[in-house]
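1. My questions concern the predicted model and sequence given below.
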There are 2 protein chains.
Amino acid sequence: MTKARQATLAILRDAQEPLCAAAVLERIGVCCDQVTVYRSLHFLEENGLADSFILHCAEHGTERYYTAVDSLKDGYSGHHHWFHCEMCHRFLDLGDCQLHTLVAGYEAAHQITVKSHTLYFTGICADCQIQGH
Amino acid sequence: MTKARQATLAILRDAQEPLCAAAVLERIGVCCDQVTVYRSLHFLEENGLADSFILHCAEHGTERYYTAVDSLKDGYSGHHHWFHCEMCHRFLDLGDCQLHTLVAGYEAAHQITVKSHTLYFTGICADCQIQGH
DNA sequence: GCATGAATTGCAAATCATTTGCATATTTTT
DNA sequence: AAAAATATGCAAATGATTTGCAATTCATGC
């Protein structure tokens, strides 16, 4: 792995939330160019080191967000799902993917092979609910 | 509802799959402009008549896809989920949303209010599996 | 340890779905 | 039917992401 790709992966791992390319770029400093960040994110995802999803948010528009994939442990896929607060625009980690049974059911019912899925939730987080709207 | 909005909704209802703005435009003929299609789709979604999700596909790039929301029947939300075949690029209807329990669990566990979610699956459909790769 | 071909990077410019400004047309209200 | 409000069309802007290409760095064999 090149320096740029390592730096990108380290940033995703350190982040407590999904990051868009712009957020990675902000943190990566002079290490490399914006285009290299995009290419590194592609590389990481192709190689199973990162996950991504496209989310539209009133504040930030439509962007692809990336997370580092957890190292696999017993019974865990390393693939998380997220909640996005439409008021404070932060992400909340909902933990490891819970869709295995559902996916298996769809595969059996329709004779399809599901290779990946995108799932995220939006709404109001606990903090924003307390503060009223 | 204006003529453009009615025409857009009728197209979504007739379609057996999610449609992007370009696909709606193709079918809408001289009825209205491309910009009006975009605005009509926004209108339908804001008013609960359509659902949408953003999907990236090798063939068609990144686009937002819309479906008409079913009229509500007992125990059904009207909100469907879809499978997208990465070989033939078609959509398969997986039926009414099955996430109610999961959502309720997340809401209780994190004191959040989930207002919506995005879920879709990608992989290889039955037809493409038979045909080999 | 270094030459050599392959893969990666930086920069500038291109893409492309979607949005916006604004004048006109249509719809709704009174 | 006139006035006020809303929707539409057209042209141009936006903004995230991608691409071309020359220069640089990396991997590998000798």
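-> Structure's in. What do you need? Quantities reported herein were computed from a predicted structural model and do not represent experimental measurements. Numbering: from 1, shown residues only, chains lettered A, B, ... in the order given.

2. what about the residue of chain A found nearest DNA strand D, how many residues close to it?
-> Evaluated by C-beta to the nearest atom of the strand, chain A has A:Arg64 as its residue closest to DNA strand D, separated by 3.5 Å. Any C-beta I mention is one placed from the backbone N, CA and C, and that applies to glycine too. By other C-beta atoms under 10 Å in any protein chain shown, 19 other residues sit near A:Arg64.

3. tell me which residues in the one helix or strand it maps to are buried?
-> With elements taken from DSSP states H and E, the one containing A:Arg64 is strand A:61-68. Using 16 or more other C-beta atoms under 10 Å in any protein chain shown as the test for burial, strand A:61-68 gives A:Glu63, A:Arg64, A:Tyr65, A:Tyr66, A:Thr67, A:Ala68.

4. OK, contacts around the fifth one?
-> The reference is to A:Thr67. A:Thr67 sits next to A:Leu12, A:Ala15, A:Glu17, A:Pro18, A:Leu19, A:Ala50, A:Asp51, A:Ser52, A:His80, A:Trp82 when contact means C-beta atoms under 8 Å, 6 or more residues apart in numbering or on different chains.

5. what's next to stretch A:12-25, contact-wise?
-> For stretch A:12-25, using C-beta under 8 Å, 6+ apart, the contacting residues are A:8, A:11, A:27, A:34, A:37-38, A:41, A:44, A:50, A:52-53, A:55, A:60, A:63-68, A:82, A:90-91, A:93.

6. can you rerun that using 7 Å?
-> By C-beta atoms under 7 Å, 6 or more residues apart in numbering or on different chains, the surrounding residues in contact with stretch A:12-25 are A:8, A:11, A:34, A:37-38, A:41, A:50, A:63-68, A:82, A:90-91.

7. got it, and stretch A:72-85?
-> Contacting residues not belonging to stretch A:72-85 are listed as A:18, A:51, A:55, A:57, A:67, A:69-71, A:91-97, A:119-125, A:128, B:106, B:112 [C-beta under 7 Å, 6+ apart].

8. about what we covered before: which among the contacts of A:Thr67 end up buried?
-> With neighbours counted by 16+ other C-beta under 10 Å, those contain buried members at A:Leu12, A:Ala15, A:Pro18, A:Leu19, A:Ala50, A:Asp51, A:Ser52, A:His80, A:Trp82.

9. Where does the last one sit: helix, strand or coil?
-> With DSSP: H, G, I helix; E, B strand; the rest coil as the basis, A:Trp82 sits in strand.

10. For chain A, which residues are neighbours of DNA strand C?
-> Remark: the part of chain A in contact with DNA strand C comprises A:2-5, A:31-33, A:35-36, A:39-40, A:43, A:62, using C-beta under 7 Å from any atom of the strand.

11. on that earlier part again, and which of the contacts of A:Thr67 is nearest chain B?
-> Proximity to chain B was ranked across the contacts of A:Thr67 by C-beta to the nearest C-beta; first place goes to A:Ser52, at 9.2 Å.

12. OK, contacts around the nearest residue to the closest one once chain neighbours are set aside?
-> For A:Ser52, ignoring the flanking residues on the chain, the nearest one in space by C-beta to C-beta, 6 or more residues apart in numbering or on different chains is A:Tyr66 at 4.6 Å. Residues in contact with A:Tyr66, defined by C-beta under 7 Å, 6+ apart, are A:Leu12, A:Pro18, A:Leu19, A:Leu41, A:Ala50, A:Asp51, A:Ser52.

13. can you check A:Phe53 too?
-> The contact partners of A:Phe53, taken as C-beta under 7 Å, 6+ apart, are A:Tyr65, A:Thr118, A:Tyr120.

14. Look up the closest residue to it, ignoring the ones flanking it.
-> Leaving aside its sequence neighbours, A:Phe53 sits nearest to A:Thr118 (C-beta to C-beta, 6+ apart; 4.8 Å).

15. wait, is the one you found part of a strand?
-> Yes: using three-state DSSP, the assignment for A:Thr118 is a strand.

16. Those residues of chain A touching DNA strand D, which are they?
-> A:2-3, A:20-22, A:34-35, A:38-39, A:42, A:54, A:60-64.

17. Which of those residues are buried, as a PyMOL select command?
-> Remark: buried members of the residues of chain A next to DNA strand D, expressed as a PyMOL selection using 16+ other C-beta under 10 Å:
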select buried, chain A and resi 20+21+54+63+64
